[in-house]
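Participant: Have a look; sequence and predicted model below, questions after that.
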Amino acid sequence: MIGTGEDSQDSQEYDVVVVGSGGGALTGAVLAARAGLSVVVVEKTGFLGGTSAYSGGACWLPGSDVQQRAGLPDSTDGARAYLGAILEDPDQDRVEAFLAHAPELVAELESDELMEFEWTPFAEYYDAPGRVPSGRSIQPSGIRRDDLPEQVAAWVRPPVERDRAGQPGRRTLTGGQALVARLAAMLVREGGAVSTGLPVTGLLTDGEQGTGRVVGVVGMSPEGPVQIRARRGVLLAAGGFEGNAAAREEHGVPGSAAWTMAPAGTNTGEPIAAAESIGAASDYSGLGWFCPGLEQPDGTGAFTLGFRSGLIVDQTGHRYGNECLPYDRFGRVMAEAPERIPSWFVFDSREDGRLPAIAIPEGDHDAHFAAGTWVRADTLEGLAEATGLPVDALTATVARFNGFCESGVDEDFGRGEDEYDTFFAGGTGPNKALTACDRPPYLAARVVLSDLGTKGGLVTDAAARVLREDGSPVPGLYATGNSAASLFGSVYPGPGAPLGSAMVFASLAVRDLLGA
């Protein structure tokens, strides 16, 4: 155990044990500590933050004072209308709990001098009633590493492009790193404890399997099993199982563990399996939070969005969707047919050969060409040969696409008709989301199906209590984030929906275990 505050290495019992250290986990830990409870965060790796630290830090928390300060036409009622239009058979009690508590949570966090949120424009993902122009998501303000306690600064996981390269984080922490850093600093100030490098492999109960109360967790340290007991409750917020190839196959999650955006070695689903082993119910129908992924020379994927020009074709050389769709929606279109994975992103040299999109990380161009994940040719015919695509199909597809760019109307998939389509675009033609691919040399980058995490997990109620198959709660056990089945099912409402919902239900879990 690594302790902070008054906790020591020998301390093995707390009021609350939080498994995981992303935005949801740390929110729960901070609020429990602020309520006077003793808390320990148990993290599998040596860093805090998980995939939250890789994220842009957007939080979909509708109806708060932050949106009001920014003058947005946002409200709880508007968010209710939006979710009502896009969700498929949701648990309405959970939806209402989320909507009611989101603004309360933001106010509670902002009452702390260490937390500050701001609005940053980012279009929501569906054209539906209640949508806010330019988006309603908020995010934490950046914070300098020098302004953090030394231990907290060392704990925060570096951004993905630096983490994968084994490099330290930057001097100024923004986005998800800022969220993790601010929450971790609050936790340390409140005397919370943190245990890193301790994978949780099981749950402790005080009765027979399927009937007892959860009273702690079992972790596996290098020296052997470690038991950490919880007087009030255990909150599972350790991500999903996106890094577990066998579990992905078992639950039908498309893509690959190699292409996920979760940090290497994390999110393999043991806490979910531990809860299932004591009778917890689970729901895997939501599958995952998907995105197109720029394949890297080492076989990993890179979160890719914001296509400014170019087109994506499958292995037959044909387009199959609007490339400017929100990333989860395009990822789900990719998953509909095997010939779409991998795909090729075809673009020209109008940006001097740079990728006309946002890829995190993009990777070294020379390494891409050496590995064949990028190819280049002076003609489309040559590009087809280099990619193995049918020549006639590719040239015809590009010609048809270029015709749409000239007319300003994508007759096949409607690219450029929605606010999100044009959010990143900067074209100068009649449709700024449509720019012709006609300046040689031509390039193609291999695109796979990546994800930001799985969505299937433990079934929970409006208080984040984990439920059994008969609908009764497992006493002492709570779950949030990707450890729980998503509130949103197969839908991704807007930027920050994973973080926002994880944070809200972590807070509601703390309220419940406090008896509030």
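Facilitator: Yep, that arrived. Numbering: from 1, shown residues only.
Participant: these two touch, right, A445 and R376?
Facilitator: No: using Cβ atoms under 8 Å, A445 is not in contact with R376; the gap is 10.1 Å. Every C-beta, even on glycine, is put in place using the N, C-alpha and C of the backbone.
Participant: out of the two, which sits in the busier spot?
Facilitator: Counted by other Cβ atoms under 10 Å, A445 and R376 do not tie: A445 has more neighbours, with 26 against 17.
Participant: any idea which helix or strand carries the more buried one?
Facilitator: Counting by DSSP states H and E, the element that carries A445 is strand 442-454.
Participant: Am I right that A102 sits in a strand?
Facilitator: No: counting by DSSP: H, G, I helix; E, B strand; the rest coil, A102 falls outside a strand, being helix.
Participant: Would you point out which residue is most central in this structure?
Facilitator: L452 (4.2 Å; Cα atoms, centre = their mean).
Participant: all strands for the stretch 201-350 of the chain, in order.
Facilitator: Along the stretch 201-350 of the chain, counting by DSSP state E, counting those that start in this stretch, strands occupy 214-221, 224-236, 282-283, 288-294, 303-305, 311-313, 343-347.
Participant: Pipe those strands into JSON lines and attach mean neighbour count per row.
Facilitator: Formatted as JSON lines, the strands of the stretch 201-350 of the chain follow (neighbours: other Cβ atoms under 10 Å):
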{"stretch": "strand 214-221", "mean neighbour count": "20"}
{"stretch": "strand 224-236", "mean neighbour count": "21"}
{"stretch": "strand 282-283", "mean neighbour count": "17"}
{"stretch": "strand 288-294", "mean neighbour count": "29"}
{"stretch": "strand 303-305", "mean neighbour count": "22"}
{"stretch": "strand 311-313", "mean neighbour count": "25"}
{"stretch": "strand 343-347", "mean neighbour count": "25"}
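Participant: With mean pLDDT and distance to P430 added, can I get the ones you listed in CSV?
Facilitator: CSV is the format used below for the strands of the stretch 201-350 of the chain (pLDDT from 0 to 100; distance: least, Cβ to Cβ, whole Å):
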stretch, mean pLDDT, distance to P430
strand 214-221, 96, 59
strand 224-236, 97, 51
strand 282-283, 98, 45
strand 288-294, 98, 26
strand 303-305, 98, 24
strand 311-313, 99, 17
strand 343-347, 98, 20
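Participant: I'd like to know which of the ones you listed is closest to G252.
Facilitator: Closest approach to G252 among the strands of the stretch 201-350 of the chain (Cβ to Cβ): strand 288-294, 10.2 Å.
Participant: Show me how the record splits this structure into domains.
Facilitator: Partitioning the chain according to automatic domain parsing yields domains covering residues 13-243+455-513, 291-451.
Participant: could these be laid out in a markdown table, adding distance to T268?
Facilitator: Below are those laid out as a markdown table (distance: least, Cβ to Cβ, whole Å):
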| stretch | distance to T268 |
| --- | --- |
| domain 13-243+455-513 | 5 |
| domain 291-451 | 14 |
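Participant: from those, which stretch is densest packed?
Facilitator: domain 13-243+455-513 (a mean of 22; mean count of other Cβ atoms under 10 Å).
Participant: Give me the distance from that domain to the chain's centre.
Facilitator: For domain 13-243+455-513, the separation from the chain centroid amounts to 11 Å (computed by Cα atoms, centre = their mean, to the nearest Å).
Participant: Now do the end-to-end distance for it.
Facilitator: Between the opening and closing residues of domain 13-243+455-513 lies a distance of 16 Å (Cα to Cα, to the nearest Å).
Participant: what does stretch 59-68 give?
Facilitator: 15 Å.
Participant: same check, this time on stretch 233-240
Facilitator: 20 Å.
Participant: now stretch 445-464
Facilitator: Length of stretch 445-464, first residue to last, Cα to Cα: 42 Å.
Participant: And it, how far out from the chain middle?
Facilitator: With Cα atoms, centre = their mean, you get 8 Å for stretch 445-464.
Participant: can you map out the strands along the stretch 401-516 of the chain?
Facilitator: Going by DSSP E, counting those that start in this stretch, the stretch 401-516 of the chain shows strands at 442-454, 457-458, 465-467, 473-479.
Participant: average pLDDT for the longest one?
Facilitator: By that I understand strand 442-454. With pLDDT averaged residue by residue, strand 442-454 scores 98.
Participant: Next: the third one.
Facilitator: When pLDDT is averaged over strand 465-467, the result is 98.
Participant: helices and strands around it, which ones?
Facilitator: Contact analysis of strand 465-467 by 3 or more Cβ pairs under 8 Å, 6 or more residues apart in numbering; DSSP states H and E lists strand 473-479 as its packing neighbours.
Participant: Would you list the strands that the strand it packs on pairs with, along with their directions?
Facilitator: strand 224-236 (parallel), strand 465-467 (antiparallel) (DSSP bridges).
Participant: where in this protein is pLDDT low?
Facilitator: Along the chain, segments meeting pLDDT under 70 span 1-11, 208-210, 516.
Participant: residue contacts, the closest residue to G233 other than its chain neighbours?
Facilitator: Leaving aside its chain neighbours, G233 sits nearest to L513 (4.2 Å; criterion: Cβ to Cβ, 6 or more residues apart in numbering). By Cβ atoms under 8 Å, 6 or more residues apart in numbering, the contact set of L513 is V16, A32, R232, G233, Y478.
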